[in-house]
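# Pasting a predicted model and its sequence here:
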Amino acid sequence: MHSARTTGAGTTGTAPRAARWNGAAGSYPQWYEDPLSCLQTTLGGVLLEHGLRPVEVLGLSCEFVFAPEDVPREEFYRPAQGDRGVAGDLCPYHEVESAWTTGADADDLIGLIEQHSGVVVAVDNYHLPFRPAFHDVHAAHLVVVPGWRRTAAGAVEFYVSDAQPPRFQGWLAAEHLLASWLSGNPSDAQDVFFSSREIGGRVLTTSVREQPGELTADRVALALRGNLDRWTGGTAGTGDRLWTGRAGLGRFVERLTEHRGDPAELRSAYTLGWSMQSQAFLHGRLAQEFAHRSKQPLLLEVAASADRVVAAWSNVRLLGAHAAETAGTTELVPRRGAELVHAYEQLAADWQLALATEWTDV
Amino acid sequence: MTAQTAQTAQTAQTAPTDQTAPTDQTAHKVLALEPFMNNQAATTLANLADGRLNVWRNSLPAQDAPLELLVDGVPLRTARLDGTGPDNVRCAGQRIEVPERRWDWLYLIGCGERRVRDVLTWHFSDGTVDRDHLALSDLWEGRSDFGEELALRTDVIHYPHHVQERIGITLWCQRVPVTSRKPLTAMSLPRNPAVHLFALTLVGRHLGAGADGEPLIQGASRALS
């Protein structure tokens, strides 16, 4: 693990990088839509902090990627792809990147916040007073921690922003955040999806060098071309660390079908699917917005098809989540898998149709 | 769609709602879901852990009375939501027989675990089947993504061991078209554990107004025949 960058040093705990958040007033920018996981909502907050619209940055890329050797255990899981971190994977058309690092105590966390002008922190909800799971359920999650301060009494507090309902932002005593950040996140029968992997002081540092600017038709077309190329050129060879695109999804569905008697395998589709579903949702939203703005009606077809990918993921994910306690559902795995493949194929066809028209900025 | 208040709906329930009752040229059939109820959505403080609305075992705070709504003039009525037992149908392919005739819409109260799309399968009197799409938004702090009206929105949500404030559960009023004009005899629900249904009402034209399958074509349309 390594830090993404070293810029930003020299800021103080209570006066981070931009005026777009204000610890005293409690106004860190938050962003939430019900299909999104904490991975997108935390990165969305960071993008907003830099004056960027999350939908325009996170909504350009849409793809399928699966790491067959990974055992996903966190709400924020996404297979690692490129060398610019998960933020770079999600924002391939912008100068945005991230890196995972770790710390062991309050001083480490303060140092990371100062070095990176705020960080995204992995937490166990069991220890966070504002989460529904407080002192009830262990579950991995992400929150934004843009600053810290020392109170008049000398105690350390961290500013915490969590856009996921019930939504919280404000100053939190260090003991809560540290217990959550350093938690062992033990196995918990009440959350078999996001427990049982140590949080271990993980921190996601981010770097946003992209300047706010108008999204152009060229950039949208470039993204659609990239999505189409990654779909048609996907691979799923023996020994490949990543299964991607059409070939990858086909093999993923085959594997899910072969292992449909194994609840753990099906549950992993719930976790993996969240990141893919969120991305398709944001892609649809972007396509819809840009279609109206740019008078590109074929982008509305892209939006509708992306929404079908979102729906197909819901059915795969919830089938996987309930398979262990709902008799007779696992036999539907091939059918739900076929729906998912079909939904992506239709989206790809609509990318192709949209790209076949002339693209000009209006 | 417009959902009227429960008070108005109460009034509506005093009117006959059987298929033979003409209401502005429409007929309704409130379908009895009790034989199919296999899931408990509502809980009380005494049995918080009995709810099964989603994988987290969230549940709906028990209500004083069944929900009774009038949506587009269509009556919808849930079972009791008092937290004492099954109160909704979690979709598992159940087949529900309906009075045989042409129906135009299925109105419903339901919710999705996450926003969900699936299909209803219609069984027609001539032995054929067809499907139409069912779409329901997320029950957990969701917004209406498919144009549904609210059937119920709570201020709190029940967890197995506590009551959580500032998160609401939503039940939605939705509708599904019966695209085919063939006489319908039954429907099959999707096999989808994410779909919960609390009330179903079929809507058609009242008998004698084209409900038997004869299309009513008037005016300029007649020139086409």
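Received the coordinates, thanks.

# in stretch B:167-183, what counts as buried?
Buried residues in stretch B:167-183, counted by 16 or more other CB atoms under 10 Å in any protein chain shown: B:167-176, B:178, B:180, B:182-183. C-beta here means a position set from N, CA and C on the backbone, and glycine is covered the same way.

# how about the nearest residue to A:Ala179 once chain neighbours are set aside, what does it touch?
Nearest-residue entry for A:Ala179: A:His127, 4.1 Å, with adjacent residues in sequence omitted and distances by CB to CB, 6 or more residues apart in numbering or on different chains. For A:His127, the contact set (CB atoms under 8 Å, 6 or more residues apart in numbering or on different chains) comprises A:134, A:176, A:179-180, A:183.

# Tell me which helix or strand the closest residue to A:Trp31 other than its chain neighbours sits in.
Counting by CB to CB, 6+ apart, A:Gly44 is the residue found nearest to A:Trp31 once chain neighbours are left out, at 4.0 Å. Using DSSP states H and E, A:Gly44 sits within helix A:38-49.

# so how far is stretch B:97-111 off the chain centroid?
8 Å (CA atoms, centre = their mean, to the nearest Å).

# The strand ranked longest in chain B and chain A, are they touching?
The strand that spans the most residues within chain B, counting by DSSP state E, is strand B:191-205. Yes - remark: strand B:191-205 sits within contact range of chain A at B:191-194, by CB under 8 Å from any CB of the partner chain.

# As a markdown table, these with pLDDT would be great.
Shown next, in a markdown table, are these (pLDDT from 0 to 100):
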| residue | pLDDT |
| --- | --- |
| B:Arg191 | 96 |
| B:Asn192 | 96 |
| B:Pro193 | 96 |
| B:Ala194 | 97 |
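
# in chain B, which spans are helices?
Here chain B has its helices, by DSSP state H, at B:6-14.

# So which bits of it are right by chain A?
B:55-57, B:92, B:112-118, B:135, B:137-138, B:140-143, B:145, B:157, B:159-162, B:164-167, B:191-194.

# Name the nearest of the buried residues of stretch B:167-183 relative to chain A.
Nearest to chain A among the buried residues of stretch B:167-183 is B:Ile167, at 4.9 Å by CB to the nearest CB.

# helix, strand or coil for A:Arg225?
helix (DSSP: H, G, I helix; E, B strand; the rest coil).

# Could you give the backbone dihedrals for the nearest residue to A:Ser37 once chain neighbours are set aside?
Leaving out its chain neighbours, the residue that sits closest to A:Ser37 by CB to CB, 6+ apart is A:Trp274, at 4.7 Å. Reported as degrees, to the nearest 10, the phi and psi values for A:Trp274 are phi -60, psi -50.

# which residues sit in contact with A:Trp274?
Per CB under 8 Å, 6+ apart, neighbours of A:Trp274: A:37, A:75, A:77, A:317.

# Could you tell me which residues of chain A lie near chain B?
A:34-35, A:132, A:136, A:165-167, A:190-191, A:193, A:308, A:310-311, A:314-315, A:317-319, A:321-322, A:326, A:328-329, A:332.

# Got a quick PyMOL command for the buried subset of these?
Those of the residues of chain A next to chain B that count as buried under 16+ other CB under 10 Å are selected in PyMOL with:
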select buried, chain A and resi 34+35+132+136+165+166+190+191+193+308+310+311+314+315+317+318+319+321+322+329+332
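
# So which of the residues of chain A next to chain B sit within helices?
Per DSSP H, the residues of chain A next to chain B map to helices at A:308, A:310-311, A:314-315, A:317-319, A:321-322.

# circling back to that earlier point, counting by contacts, list what the helix holding A:Gly44 packs against.
Helix A:38-49 is packed against helix A:54-58, helix A:85-90, strand A:119-124, strand A:140-150, strand A:202-208, helix A:263-294, with contacts defined by 3 or more CB pairs under 8 Å, 6 or more residues apart in numbering or on different chains; DSSP states H and E.

# what's near enough to touch residue 63?
Going with chain A. A:227, A:230-231, A:244-245, A:279.

# think we crossed wires, I meant chain B
By CB under 8 Å, 6+ apart, B:Gln63 lies in contact with B:42, B:81-82, B:152.

# just A:Leu318 next, same as before
A:270, B:55, B:113-114, B:116, B:192-194.

# pLDDT weak spots in the stretch 201-350 of chain A?
Judged by pLDDT under 70, the stretch 201-350 of chain A has no weakly predicted residues.

# In terms of residue numbering, what are the domains of chain A?
Residue ranges for the domains of chain A, per automatic domain parsing: A:38-208, A:217-355.

# Can you tell me which of the contacts of A:His127 has the most neighbours?
A:Ser180 (26 neighbours; other CB atoms under 10 Å in any protein chain shown).

# and that one, what pLDDT?
pLDDT for A:Ser180: 97.

# And for A:Val192?
75.

# Can you name the residue of the stretch 51-200 of chain A nearest to chain B?
Closest point on the stretch 51-200 of chain A to chain B, by CB to the nearest CB, is A:Pro166, at 3.7 Å.

# give me phi/psi at the nearest residue to that residue once chain neighbours are set aside?
For A:Pro166, ignoring the flanking residues on the chain, the nearest one in space by CB to CB, 6+ apart is B:Arg166 at 3.7 Å. Dihedral pair for B:Arg166: phi 70, psi 20, per degrees, to the nearest 10.

# can I assume B:Arg166 is in contact with A:Arg167?
Yes - look at B:Arg166 against A:Arg167 with CB atoms under 8 Å: they come within range, at 7.2 Å.

# how near is the closest residue to A:Gly273 other than its chain neighbours to A:Ala327?
If the residues on either side of it in the chain are set aside, A:Gly273 comes closest to A:Arg317, at 4.1 Å by CB to CB, 6+ apart. Using CB to CB, to the nearest Å, A:Arg317 is found at 19 Å from A:Ala327.

# what's the answer for A:Tyr77, then?
28 Å.

# Can you show me the CA trace of stretch B:113-126 as PDB?
This file holds the C-alpha atoms of stretch B:113-126, laid out as PDB (Å, rounded to 0.1, in the frame of the first residue of the first chain):
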ATOM      1  CA  GLU B 113     -36.100  -4.700  -1.600                       C
ATOM      2  CA  ARG B 114     -34.000  -2.300  -3.600                       C
ATOM      3  CA  ARG B 115     -35.700  -0.900  -6.700                       C
ATOM      4  CA  VAL B 116     -36.900  -3.900  -8.700                       C
ATOM      5  CA  ARG B 117     -38.300  -4.800 -12.000                       C
ATOM      6  CA  ASP B 118     -39.900  -8.100 -12.900                       C
ATOM      7  CA  VAL B 119     -42.800  -9.500 -14.800                       C
ATOM      8  CA  LEU B 120     -46.300 -10.700 -14.000                       C
ATOM      9  CA  THR B 121     -47.500 -13.600 -16.100                       C
ATOM     10  CA  TRP B 122     -51.100 -13.500 -17.300                       C
ATOM     11  CA  HIS B 123     -53.000 -16.700 -18.100                       C
ATOM     12  CA  PHE B 124     -55.800 -16.200 -20.600                       C
ATOM     13  CA  SER B 125     -58.900 -18.300 -21.200                       C
ATOM     14  CA  ASP B 126     -57.700 -19.600 -24.600                       C
END
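
# what is the mean pLDDT for it?
Mean predicted lDDT for stretch B:113-126 stands at 97.

# same check, this time on stretch A:128-144
94.

# In that stretch, which residues are buried?
A:128, A:130-134, A:136-144.

# Now find how far off-centre the longest strand of chain B is within its chain.
4 Å.

# could you say what helices and strands it packs with?
Partner elements for strand B:191-205 (3+ CB pairs under 8 Å, 6+ apart): helix A:298-322, strand B:26-30, strand B:74-77, strand B:89-92, strand B:95-101, strand B:105-112, strand B:116-124.

# State the three-state secondary structure for the nearest residue to A:Leu177 once chain neighbours are set aside.
Spatial nearest neighbour of A:Leu177, chain neighbours left out: A:Phe158 (4.9 Å); criterion: CB to CB, 6+ apart. Classification of A:Phe158 using three-state DSSP returns strand.
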